[in-house]
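In: Below is the structure, and that's it, no one-letter string:
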Ligand SMILES: Nc1ncnc2c1ncn2[C@@H]1O[C@H](COP(=O)(O)OP(=O)(O)OP(=O)(O)O)[C@@H](O)[C@H]1O
């Protein structure tokens, strides 16, 4: 599904990603662990097109993911560590989930509203949450909305960068279960990035370790 081929990213004198290659199969959860600063987030940003690598390429289904190929790009979505970064405090949850549908030109108003309901259901939240504002949600619920928003464009691949590390320990398992269920239900491929090796090993089919910008042999 996803192929990352020899990606390198430098920031001045710092080599953040130093020749990383990996593949992600359909329906696979691939874990990526590594210490802070080893380049995990930079790699995630390259995969979803937020960062341009100095060299290397990323392919989806055999086609190269280039910045201008928006239709292809929509099929690879990022779930942020901090759900606040995908939520506007002044918008209702419904509007937050509808926006990516609108941007992608998907459906008329009624279809989009129906899709918002489906997205909420996919992440295990009642449809009535569409009328709420983020402040009326718990941290775990907000992260479910972050996941729902990433799902709006019906992606094939989710890149989850520390998806539960900002949450209370007590709700981490619930949010991780949402990701596992989505994989089963939608056949999503997931790149699960975290420094919590136990959590990653529990959830993943396969785990890669990164150090100083490179994958460790394993
Ligand atoms: N925009 C940037 N400008 C300059 N240096 C950067 C930038 N982004 C990342 N870096 C550097 O690149 C290296 C890798 O950072 P990155 O955030 O990818 O690591 P990480 O493994 O995700 O760390 P963490 O787990 O703490 O988020 C670090 O040395 C970081 O300081």
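Out: Cool, the structure landed. Small disclaimer: the values here were computed from a predicted structure and weren't measured.
In: Just give me how far stretch 39-51 sits from the chain centre.
Out: Distance of stretch 39-51 from the chain centroid (CA atoms, centre = their mean, to the nearest Å) equals 11 Å.
In: So for that stretch, mean pLDDT?
Out: Per-residue pLDDT over stretch 39-51 has a mean of 95.
In: And the ligand, is it touching that?
Out: Yes. Using CB under 6 Å from any ligand atom, we find that stretch 39-51 touches the ligand at 39, 40, 41, 42. Where C-beta positions appear, they are placed from N, C-alpha and C, glycine not excepted.
In: and what of stretch 193-200?
Out: Yes. Between stretch 193-200 and the ligand, judged by CB under 6 Å from any ligand atom, the touching residues are residue 195.
In: Show me which residues of stretch 82-89 are buried.
Out: Of the residues in stretch 82-89, 82, 83, 86, 87 count as buried by neighbour count, 16 or more other CB atoms under 10 Å.
In: what residues are up against residue 112?
Out: 98, 101, 102, 106 (CB atoms under 8 Å, 6 or more residues apart in numbering).
In: Generate JSON lines for the buried residues of stretch 82-89, with pLDDT and secondary structure as supplementary columns.
Out: Shown next, in JSON lines, are the buried residues of stretch 82-89 (pLDDT from 0 to 100; DSSP: H, G, I helix; E, B strand; the rest coil):
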{"residue": "82", "pLDDT": "85", "secondary structure": "coil"}
{"residue": "83", "pLDDT": "83", "secondary structure": "helix"}
{"residue": "86", "pLDDT": "78", "secondary structure": "helix"}
{"residue": "87", "pLDDT": "90", "secondary structure": "coil"}
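In: Among those residues, find me the one that's closest to the ligand.
Out: residue 82 (11.2 Å; CB to the nearest ligand atom).
In: hmm, back to that, quick one: which two of the buried residues of stretch 82-89 are the most distant?
Out: 82 and 87 (9.5 Å; CB to CB).
In: before we move on, back to that, are any of the contacts of residue 112 buried, and if so which?
Out: 98, 101, 106.
In: Just checking, which helix or strand of the protein averages the lowest pLDDT?
Out: helix 70-73 (a mean of 85; mean pLDDT, DSSP states H and E).
In: what's the following helix or strand after that one?
Out: The helix or strand immediately downstream of helix 70-73 is strand 76-79, counting by DSSP states H and E.
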